[in-house]
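A.B. asks: Starting from these lines, generate the structure:
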Amino acid sequence: MALGGFKNREILVNLTDGTVSYREIDEELARKYVGGRGLGVKYVFDNGPQVEPLSAENMLCIMTGPVTGSRSTMSGRLCVVTKSPLTGTVTDSHMGGWTAARLKWAGVDNIIFTGKSDHPVYLYVENGQAELRDASDVWGKGTRETIRTMQQRYGKEDLSVMCIGQAGENLVRFANFMNEHDRSAGRGGTGAVAGYKNLKAIVIKASQKGNMPQPAKDEEYKQANQKALKAIMEGGLTAPKKGGLSVYGTNVLTSIINEVGALPTMNSKYTHFDQAEGHSGETVNATILVADNTCHACPVACKKEVEVKEGKYKTRVESFEYESGWALGANCGLSDANAIAYLINMCNEYGIDTIELGNTLSCMMEAVEKGLVAEELTWGDADRMIELTEALVFRRGIGDVLAEGTARAAAAFGDPNLAMVCKGQSIPAYDPRGIQGIGLGYATSNRGACHLRGYTVASEIAGIPEPTDRLKPEGKGELLKIFQDLFAFSDSMDVCKFSSFSENAEHYAEQYAAMTGIPITADDVLKIGERIYNLERYYNNLAGYNKREDDYLPKRFTEEPGTGNSAGHVSRMDIMLDEYYKARGWVDGVVPEEKLRELQII
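C.D. replies: From the prediction side, this is the model:
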């Protein structure tokens, strides 16, 4: 393949027979699906939508994009693509730090795992070669000890490790991958898929020197990169040490979202939390912040490392994110930032999704409150939350139920309506009653409830690229489609979502064209993104998600009015969903054959 940016090398790992082989990337597929998320979804689609997620037949893809590990701003991303054991949908989950860049610098674009090993293994990658090695000595260990062991074995310099913890080993349905910088591929249960396959870690040894991806058109790439960097440096949210994202990290949103009445509180019974200040970005910065960390090629430094120096919640962890702080904070009626930091650290150590954990615990809190579960757990009880987190990781007692995720736990408690989920995955930190478009985004996301498939909050709250009324449903279907298509492309390049606060489709098109040598426009970016989004939807249709009700919100959001500055409002899903289906050209959530042909999917 002659395209710039790619190393044109994929590692194929058959875990069943322990063999490792290599292949070049199909250029036609790279042109149609870019790389990263798009190409990974294509591989998983071709592997078959009917496979069981926790089976040897399921495929686990570690994917980078054509700009990964390059000079492009915010290009330190990789994604893990598989069929989710939590949702039964196709899923992709992205990780920052330096893991992605090191994989590219090692001369590898992607790693494709199939089969199941009969004993614990890890994959070691260096200089374009890979080898399966025994992981028995780290099986049963947490992510930090696993990483330390690999650093002692191979040297800390130029090394990246992504691994699962005990949660993945014990098939917790929302287990994740973590790396040495506490970055996670957080959602969808990718860690459980690895755990089922007895895959403990991927260890990559590579330096940047002489190994960065080379653009097809060097001068054009320099110009495109400088233009994109200028946008980031001058962005209202992204400007280093000035923009809110840089100063406070993602936790800049806690006070903002709470003020408008869109902070889901106590399992979304309310949309305003009176004690939100306790875990806000302002409070965290003033009390426990110790470092502003960043990822490869990123000047924003949104990662906020925190340290609780004394007391029973003594801990140090990177990073105190908005979603994690909300899920384990306001969502559970907990305002103590120290306790929340301790819980986040537990999640990182065991390798579990903070969002799903917080929702599962808050679901149980309400079930206990309603007398459905004979257990002790009250709103804001941090110590009991800590106990239950450990119990679910090791599937002890009620923890065995919680390890199945919010939807299955609620069903076991006897009231599925207590689960704030879409397609089996729990909602993030924006209440659909206070921000109409994001509710539609949750409902139509191809990987289950997710804000990162189409972040309409940018428009509805921050006015990016232009402001829309957060409480009005009209126009949100078309708005969401644009965001979803744009992000499907950027996830395939693969660049950080936060770049979209300052960059647009034109920036992406110029960087991609100069890097790969494929001339595209901003319109092409959206068309390619549309193709990827429709391929994902087609996969889900074939996997059994083929009804309008599969694209809907929990009753609480459409029937129980919000509070605070969204008092009296409910999600007006039907108006938005009709408009969305029209914009997509879908029939009640199903992609028609003519749309598949139009987008050259079939």
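A.B. asks: residue boundaries of the helices in the stretch 201-350 of the chain?
C.D. replies: Using DSSP state H, counting those that start in this stretch, the helices of the stretch 201-350 of the chain run over 218-234, 244-248, 253-260, 281-287, 322-328, 337-350.
A.B. asks: closest to Ser426 out of those helices?
C.D. replies: helix 322-328 (8.1 Å; Cβ to Cβ). Every C-beta, even on glycine, is put in place using the N, C-alpha and C of the backbone.
A.B. asks: How about residues contacting the closest one?
C.D. replies: Applying Cβ atoms under 8 Å, 6 or more residues apart in numbering, the contact partners of helix 322-328 are 249-254, 263-264, 279, 281, 284, 334, 337, 340, 343-344, 347, 354-355, 357-359, 361, 385, 428-429, 451.
A.B. asks: about what we covered before: any chance of the helices of the stretch 201-350 of the chain in a markdown table with mean pLDDT as columns?
C.D. replies: As requested, those are arranged in a markdown table below (pLDDT from 0 to 100):
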| stretch | mean pLDDT |
| --- | --- |
| helix 218-234 | 97 |
| helix 244-248 | 97 |
| helix 253-260 | 98 |
| helix 281-287 | 97 |
| helix 322-328 | 98 |
| helix 337-350 | 98 |
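A.B. asks: Among these, which comes closest to Thr64?
C.D. replies: Judging the helices of the stretch 201-350 of the chain by Cβ to Cβ, what sits closest to Thr64 is helix 218-234, at 17.2 Å.
A.B. asks: Centre-most residue in the protein?
C.D. replies: Centroid check for the chain by Cα atoms, centre = their mean gives Ser93 as the closest residue, at 4.2 Å.
A.B. asks: Surely it is in contact with Val193?
C.D. replies: No - between Ser93 and Val193 there is no contact under Cβ atoms under 8 Å: 10.6 Å.
A.B. asks: hey, which helix is longest across the protein?
C.D. replies: helix 522-543 (DSSP state H).
A.B. asks: where do the strands sit along the stretch 51-200 of the chain?
C.D. replies: 60-63, 78-83, 90-95, 110-114, 121-126, 129-134, 159-163, 177-179, 184-185, 199-205 (DSSP state E, counting those that start in this stretch).
A.B. asks: Format the ones you listed as a markdown table; extra columns: mean pLDDT.
C.D. replies: Listed next are the strands of the stretch 51-200 of the chain as a markdown table, based on pLDDT from 0 to 100:
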| stretch | mean pLDDT |
| --- | --- |
| strand 60-63 | 98 |
| strand 78-83 | 98 |
| strand 90-95 | 98 |
| strand 110-114 | 98 |
| strand 121-126 | 98 |
| strand 129-134 | 98 |
| strand 159-163 | 98 |
| strand 177-179 | 98 |
| strand 184-185 | 96 |
| strand 199-205 | 98 |
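A.B. asks: Ok, which of those comes nearest Gly589?
C.D. replies: Here strand 90-95 is closest among the strands of the stretch 51-200 of the chain (Cβ to Cβ), at 14.8 Å.
A.B. asks: can you give me the angle the closest one makes with strand 78-83?
C.D. replies: 160 degrees (axes from the mean of the first three to the mean of the last three Cα atoms, to 10 degrees).
A.B. asks: List the strands paired with strand 90-95, with their directions.
C.D. replies: Strand 90-95 has the following strand partners under DSSP bridges: strand 78-83 (antiparallel).
A.B. asks: can you state the direction angle for the partner strand and strand 110-114?
C.D. replies: Relative orientation of strand 78-83 versus strand 110-114 (the same axes, to 10 degrees): 30 degrees.
A.B. asks: Residues touching strand 78-83, excluding its own?
C.D. replies: Outside strand 78-83, the residues touching it (Cβ under 8 Å, 6+ apart) are 36-37, 40-41, 43-44, 49, 51, 53, 58-64, 68, 89-95, 99-100, 103, 177, 185, 188, 190, 193, 491, 494, 543.
A.B. asks: That strand to helix 522-543, inter-axis angle?
C.D. replies: Calculated by the same axes, to 10 degrees, strand 78-83 forms an angle of 30 degrees with helix 522-543.
A.B. asks: could you check the angle strand 159-163 makes with strand 78-83?
C.D. replies: Angle, strand 78-83 to strand 159-163, by the same axes, to 10 degrees: 20 degrees.
A.B. asks: Return the residues in contact with Ala462.
C.D. replies: Taking Cβ under 8 Å, 6+ apart, one finds 237, 501 in contact with Ala462.
A.B. asks: Give the helix, strand or coil label for it.
C.D. replies: Put simply, Ala462 is coil when judged by DSSP: H, G, I helix; E, B strand; the rest coil.
A.B. asks: backbone phi and psi for it, please?
C.D. replies: phi -90, psi -10 (degrees, to the nearest 10).
A.B. asks: Where do the helices of the stretch 451-600 of the chain begin and end?
C.D. replies: 457-460, 476-493, 505-516, 522-543, 555-559, 573-584, 593-598.
A.B. asks: of all these, which lies closest to Arg153?
C.D. replies: helix 476-493 (32.6 Å).
A.B. asks: residues of that closest one that come out buried?
C.D. replies: For helix 476-493, the neighbour count (16 or more other Cβ atoms under 10 Å) marks 476-477, 479-493 as buried.
A.B. asks: one step back: so for the longest helix of the chain, what's the average pLDDT?
C.D. replies: Averaged over helix 522-543, pLDDT sits at 98.
A.B. asks: Packing partners of that helix?
C.D. replies: helix 27-33, helix 36-47, strand 90-95, helix 476-493, helix 505-516, helix 593-598 (3 or more Cβ pairs under 8 Å, 6 or more residues apart in numbering; DSSP states H and E).
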